[in-house]
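Peer 1: sequence first, predicted model second:
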Amino acid sequence: DAGITQSPRHKVTETGTPVTLRCHQTENHRYMYWYRQDPGHGLRLIHYSYGVKDTDKGEVSDGYSVSRSKTEDFLLTLESATSSQTSVYFCAISEGQARTPQHFGDGTRLSIL
Amino acid sequence: SQQGEEDPQALSIQEGENATMNCSYKTSINNLQWYRQNSGRGLVHLILIRSNEREKHSGRLRVTLDTSKKSSSLLITASRAADTASYFCATDDLTQGGSEKLVFGKGTKLTVNP
(Lines give C-alpha, C1' and ligand atoms only; values in the text may rest on other atoms or scores of the structure.)
Protein backbone atom coordinates (compact mmCIF):
# COMPACT_ATOMS: atom_id res chain seq x y z
CA ASP A 1 0.00 0.00 0.00
CA ALA A 2 1.10 3.52 -0.79
CA GLY A 3 2.27 5.36 2.31
CA ILE A 4 -0.58 7.78 2.90
CA THR A 5 -1.84 8.68 6.35
CA GLN A 6 -4.84 10.86 7.03
CA SER A 7 -5.49 12.38 10.42
CA PRO A 8 -7.73 12.45 12.25
CA ARG A 9 -9.74 9.48 10.99
CA HIS A 10 -12.90 10.70 12.68
CA LYS A 11 -13.91 14.09 13.96
CA VAL A 12 -17.08 15.62 15.33
CA THR A 13 -17.21 19.37 15.73
CA GLU A 14 -19.63 22.26 15.88
CA THR A 15 -20.72 24.73 13.24
CA GLY A 16 -18.46 27.75 13.07
CA THR A 17 -15.32 26.10 14.40
CA PRO A 18 -12.13 25.81 12.36
CA VAL A 19 -11.06 22.33 11.30
CA THR A 20 -7.80 21.15 9.79
CA LEU A 21 -7.31 17.76 8.19
CA ARG A 22 -3.85 16.43 7.50
CA CYS A 23 -2.56 14.19 4.77
CA HIS A 24 0.94 12.79 5.08
CA GLN A 25 2.73 10.77 2.40
CA THR A 26 6.00 8.87 2.43
CA GLU A 27 6.16 8.30 -1.35
CA ASN A 28 7.67 11.66 -2.37
CA HIS A 29 4.93 12.07 -5.00
CA ARG A 30 4.55 15.48 -6.55
CA TYR A 31 0.77 15.59 -6.78
CA MET A 32 -1.62 15.57 -3.82
CA TYR A 33 -5.41 15.88 -3.87
CA TRP A 34 -8.26 16.44 -1.48
CA TYR A 35 -11.68 14.99 -2.33
CA ARG A 36 -14.97 14.78 -0.56
CA GLN A 37 -17.35 11.87 -0.97
CA ASP A 38 -21.07 12.24 -0.43
CA PRO A 39 -23.99 9.95 -1.23
CA GLY A 40 -25.39 10.74 -4.65
CA HIS A 41 -22.39 12.84 -5.65
CA GLY A 42 -19.54 10.41 -5.81
CA LEU A 43 -16.06 11.77 -5.37
CA ARG A 44 -15.52 15.50 -5.96
CA LEU A 45 -12.21 17.34 -6.05
CA ILE A 46 -11.77 20.16 -3.53
CA HIS A 47 -8.19 21.32 -4.07
CA TYR A 48 -5.00 19.82 -5.36
CA SER A 49 -1.29 20.54 -5.24
CA TYR A 50 1.30 20.07 -7.94
CA GLY A 51 4.30 20.94 -5.78
CA VAL A 52 5.38 22.65 -2.59
CA LYS A 53 3.38 25.87 -2.24
CA ASP A 54 1.68 25.20 -5.61
CA THR A 55 -2.03 24.58 -5.27
CA ASP A 56 -5.16 25.02 -7.34
CA LYS A 57 -8.90 24.80 -6.91
CA GLY A 58 -11.09 21.89 -7.76
CA GLU A 59 -14.79 21.55 -8.41
CA VAL A 60 -16.01 22.29 -4.86
CA SER A 61 -13.40 24.61 -3.32
CA ASP A 62 -15.68 27.20 -1.68
CA GLY A 63 -15.26 27.20 2.10
CA TYR A 64 -11.96 25.30 1.97
CA SER A 65 -8.32 26.31 1.90
CA VAL A 66 -5.17 24.22 1.58
CA SER A 67 -1.49 24.52 2.26
CA ARG A 68 1.55 22.52 1.30
CA SER A 69 4.78 23.68 2.93
CA LYS A 70 6.53 20.31 2.53
CA THR A 71 6.37 17.62 -0.11
CA GLU A 72 4.97 15.11 2.34
CA ASP A 73 2.18 17.14 3.94
CA PHE A 74 -1.01 18.58 2.48
CA LEU A 75 -3.41 20.30 4.85
CA LEU A 76 -7.09 20.98 4.25
CA THR A 77 -8.69 23.71 6.38
CA LEU A 78 -12.30 24.56 6.92
CA GLU A 79 -12.06 28.09 8.30
CA SER A 80 -15.59 28.08 9.72
CA ALA A 81 -17.21 24.69 9.40
CA THR A 82 -20.82 24.39 8.22
CA SER A 83 -23.17 21.41 8.34
CA SER A 84 -22.96 21.11 4.54
CA GLN A 85 -19.30 20.20 4.95
CA THR A 86 -20.20 17.02 6.81
CA SER A 87 -18.64 14.39 4.59
CA VAL A 88 -15.93 11.81 4.18
CA TYR A 89 -12.70 13.42 3.03
CA PHE A 90 -10.07 11.54 1.06
CA CYS A 91 -6.52 12.47 0.29
CA ALA A 92 -4.83 11.04 -2.78
CA ILE A 93 -1.35 11.20 -4.26
CA SER A 94 0.09 10.55 -7.68
CA GLU A 95 3.49 10.62 -9.33
CA GLY A 96 2.35 12.52 -12.36
CA GLN A 97 -0.71 14.12 -13.77
CA ALA A 98 -4.05 12.53 -14.61
CA ARG A 99 -2.33 9.97 -16.83
CA THR A 100 -1.00 8.17 -13.75
CA PRO A 101 -2.90 6.26 -11.04
CA GLN A 102 -3.87 7.94 -7.82
CA HIS A 103 -3.35 6.30 -4.45
CA PHE A 104 -5.83 7.06 -1.71
CA GLY A 105 -5.77 7.29 2.05
CA ASP A 106 -8.52 5.67 4.09
CA GLY A 107 -10.42 8.89 4.65
CA THR A 108 -11.51 11.20 7.44
CA ARG A 109 -15.13 11.05 8.49
CA LEU A 110 -16.09 14.59 9.52
CA SER A 111 -19.38 15.43 11.20
CA ILE A 112 -20.36 19.04 11.81
CA LEU A 113 -23.26 19.52 14.17
CA SER B 1 -19.03 18.65 -13.21
CA GLN B 2 -19.49 14.90 -13.54
CA GLN B 3 -17.51 13.44 -16.39
CA GLY B 4 -18.04 9.71 -16.00
CA GLU B 5 -21.35 8.04 -15.27
CA GLU B 6 -21.43 4.40 -14.28
CA ASP B 7 -24.25 2.05 -15.10
CA PRO B 8 -25.89 0.28 -13.36
CA GLN B 9 -25.88 2.10 -10.04
CA ALA B 10 -26.15 -1.23 -8.24
CA LEU B 11 -25.59 -4.82 -9.28
CA SER B 12 -26.19 -8.02 -7.32
CA ILE B 13 -24.91 -11.37 -8.60
CA GLN B 14 -24.02 -14.84 -7.37
CA GLU B 15 -20.49 -15.98 -6.74
CA GLY B 16 -18.96 -17.41 -9.89
CA GLU B 17 -20.97 -15.21 -12.25
CA ASN B 18 -19.48 -12.44 -14.34
CA ALA B 19 -20.11 -8.79 -13.50
CA THR B 20 -20.17 -6.06 -16.12
CA MET B 21 -20.18 -2.36 -15.31
CA ASN B 22 -20.31 0.45 -17.82
CA CYS B 23 -19.00 3.99 -17.81
CA SER B 24 -19.95 6.80 -20.16
CA TYR B 25 -18.13 10.11 -20.36
CA LYS B 26 -18.63 13.37 -22.16
CA THR B 27 -15.38 14.82 -23.45
CA SER B 28 -12.14 13.85 -25.14
CA ILE B 29 -9.78 11.98 -22.85
CA ASN B 30 -6.18 10.81 -22.64
CA ASN B 31 -7.00 7.85 -20.45
CA LEU B 32 -9.70 6.21 -18.37
CA GLN B 33 -9.12 4.53 -15.05
CA TRP B 34 -11.14 2.14 -12.91
CA TYR B 35 -11.02 2.07 -9.12
CA ARG B 36 -12.51 -0.14 -6.43
CA GLN B 37 -13.67 1.01 -3.00
CA ASN B 38 -14.39 -1.39 -0.19
CA SER B 39 -16.73 -0.20 2.52
CA GLY B 40 -15.04 2.27 4.85
CA ARG B 41 -11.81 2.37 2.86
CA GLY B 42 -10.15 4.56 0.26
CA LEU B 43 -10.22 3.90 -3.45
CA VAL B 44 -7.81 1.41 -4.94
CA HIS B 45 -6.57 1.73 -8.51
CA LEU B 46 -7.43 -1.28 -10.67
CA ILE B 47 -6.51 -0.52 -14.25
CA LEU B 48 -5.71 2.34 -16.62
CA ILE B 49 -6.53 2.26 -20.32
CA ARG B 50 -5.22 4.87 -22.71
CA SER B 51 -7.29 6.47 -25.43
CA ASN B 52 -5.40 4.60 -28.14
CA GLU B 53 -6.11 1.22 -26.52
CA ARG B 54 -9.30 -0.78 -27.04
CA GLU B 55 -8.94 -3.52 -24.47
CA LYS B 56 -6.84 -4.32 -21.46
CA HIS B 57 -6.66 -7.27 -19.08
CA SER B 58 -5.46 -7.66 -15.52
CA GLY B 59 -6.12 -10.99 -13.86
CA ARG B 60 -9.89 -11.48 -13.77
CA LEU B 61 -10.50 -7.92 -14.97
CA ARG B 62 -11.14 -6.95 -18.56
CA VAL B 63 -11.60 -3.32 -19.55
CA THR B 64 -12.72 -2.07 -22.93
CA LEU B 65 -12.74 1.46 -24.25
CA ASP B 66 -14.73 2.81 -27.19
CA THR B 67 -13.74 6.43 -27.75
CA SER B 68 -16.22 6.84 -30.60
CA LYS B 69 -19.05 6.08 -28.17
CA LYS B 70 -17.29 7.68 -25.23
CA SER B 71 -17.81 4.58 -23.14
CA SER B 72 -15.91 1.93 -21.24
CA SER B 73 -16.82 -1.34 -19.60
CA LEU B 74 -15.30 -3.27 -16.72
CA LEU B 75 -15.83 -7.02 -16.70
CA ILE B 76 -15.03 -9.07 -13.61
CA THR B 77 -15.02 -12.77 -14.43
CA ALA B 78 -15.76 -15.60 -12.00
CA SER B 79 -16.71 -13.16 -9.26
CA ARG B 80 -16.01 -13.81 -5.60
CA ALA B 81 -17.60 -12.51 -2.43
CA ALA B 82 -14.43 -10.47 -1.90
CA ASP B 83 -15.25 -8.52 -5.08
CA THR B 84 -18.14 -6.89 -3.24
CA ALA B 85 -17.33 -3.18 -3.43
CA SER B 86 -18.14 0.02 -5.28
CA TYR B 87 -16.44 0.54 -8.62
CA PHE B 88 -15.66 3.93 -10.09
CA CYS B 89 -14.44 5.11 -13.44
CA ALA B 90 -12.35 8.25 -13.71
CA THR B 91 -11.10 10.27 -16.63
CA ASP B 92 -9.04 13.32 -17.28
CA ASP B 93 -10.88 16.08 -19.09
CA LEU B 94 -9.04 17.64 -21.98
CA THR B 95 -11.66 20.37 -22.44
CA GLN B 96 -10.66 21.84 -19.09
CA GLY B 97 -6.95 21.52 -19.83
CA GLY B 98 -7.47 18.79 -17.30
CA SER B 99 -4.21 16.95 -17.57
CA GLU B 100 -3.65 17.37 -13.83
CA LYS B 101 -7.02 16.23 -12.55
CA LEU B 102 -9.23 13.18 -12.62
CA VAL B 103 -13.00 13.40 -12.65
CA PHE B 104 -14.81 10.48 -11.02
CA GLY B 105 -18.21 9.00 -11.70
CA LYS B 106 -20.69 8.16 -8.96
CA GLY B 107 -19.89 4.48 -8.97
CA THR B 108 -21.52 1.08 -9.31
CA LYS B 109 -22.17 -0.83 -6.10
CA LEU B 110 -21.48 -4.51 -6.71
CA THR B 111 -22.70 -7.19 -4.31
CA VAL B 112 -21.50 -10.74 -4.85
CA ASN B 113 -23.58 -13.23 -2.89
CA PRO B 114 -21.91 -16.42 -1.65
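Peer 2: Okay, I see it.
Peer 1: ok, longest strand in chain A?
Peer 2: When chain A is parsed with DSSP state E, its longest strand is strand A:42-51.
Peer 1: can you tell if that one touches chain B?
Peer 2: Yes. Counting by C-beta under 8 Å from any C-beta of the partner chain, chain B is contacted by strand A:42-51 at A:42-45, A:48, A:50. The C-beta positions use only the backbone N, C-alpha and C, and glycine is treated the same way.
Peer 1: which elements pack onto the following helix or strand past that strand?
Peer 2: Using DSSP states H and E, the helix or strand that follows strand A:42-51 in sequence is strand A:54-57. Contact here means 3 or more C-beta pairs under 8 Å, 6 or more residues apart in numbering or on different chains; DSSP states H and E; on that basis strand A:54-57 packs against strand A:42-51, strand A:64-70.
Peer 1: residue B:39: which element?
Peer 2: Per DSSP H and E, there is no helix or strand for residue B:39.
Peer 1: how close does the residue lying closest to it once chain neighbours are set aside sit to residue B:37?
Peer 2: Take residue B:39 and drop its neighbours on the chain: the residue closest to it by C-beta to C-beta, 6 or more residues apart in numbering or on different chains is residue B:85, 7.5 Å away. Counting by C-beta to C-beta, to the nearest Å, the separation of residue B:85 from residue B:37 is 6 Å.
Peer 1: ranges for the helices of chain A?
Peer 2: Counting by DSSP state H, one finds no helices in chain A.
Peer 1: what does it have sitting close to chain B?
Peer 2: Chain A comes close to chain B at residues A:4, A:31, A:33, A:35, A:40-45, A:48, A:50, A:56, A:58-59, A:90, A:92, A:97-107, as judged by C-beta under 8 Å from any C-beta.
Peer 1: which bits of chain B sit near chain A?
Peer 2: B:1-2, B:30-31, B:33, B:40-45, B:48, B:50, B:88, B:91-92, B:98-107.
Peer 1: by mean pLDDT, which helix or strand of chain B comes out lowest?
Peer 2: Lowest on mean pLDDT, DSSP states H and E among the helices and strands of chain B sits strand B:98-104, with a mean of 77.
Peer 1: what ranges does chain A have for its strands?
Peer 2: In chain A, the strands defined using DSSP E lie at A:4-7, A:10-13, A:19-25, A:31-38, A:42-51, A:54-57, A:64-70, A:73-78, A:87-94, A:103-104, A:108-112.
Peer 1: would CSV of these with mean pLDDT be doable?
Peer 2: Output for those, formatted as CSV (pLDDT from 0 to 100):
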stretch, mean pLDDT
strand A:4-7, 97
strand A:10-13, 97
strand A:19-25, 98
strand A:31-38, 96
strand A:42-51, 93
strand A:54-57, 93
strand A:64-70, 97
strand A:73-78, 98
strand A:87-94, 97
strand A:103-104, 96
strand A:108-112, 97
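Peer 1: would you mind giving those as TSV with mean neighbour count added?
Peer 2: Formatted as TSV, the strands of chain A follow (neighbours: other C-beta atoms under 10 Å in any protein chain shown):
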stretch	mean neighbour count
strand A:4-7	18
strand A:10-13	13
strand A:19-25	19
strand A:31-38	23
strand A:42-51	21
strand A:54-57	14
strand A:64-70	16
strand A:73-78	20
strand A:87-94	24
strand A:103-104	22
strand A:108-112	19
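Peer 1: got the buried residues for the host helix or strand of residue B:47?
Peer 2: Using DSSP H and E, residue B:47 maps to strand B:43-50. For strand B:43-50, the neighbour count (16 or more other C-beta atoms under 10 Å in any protein chain shown) marks B:43-49 as buried.
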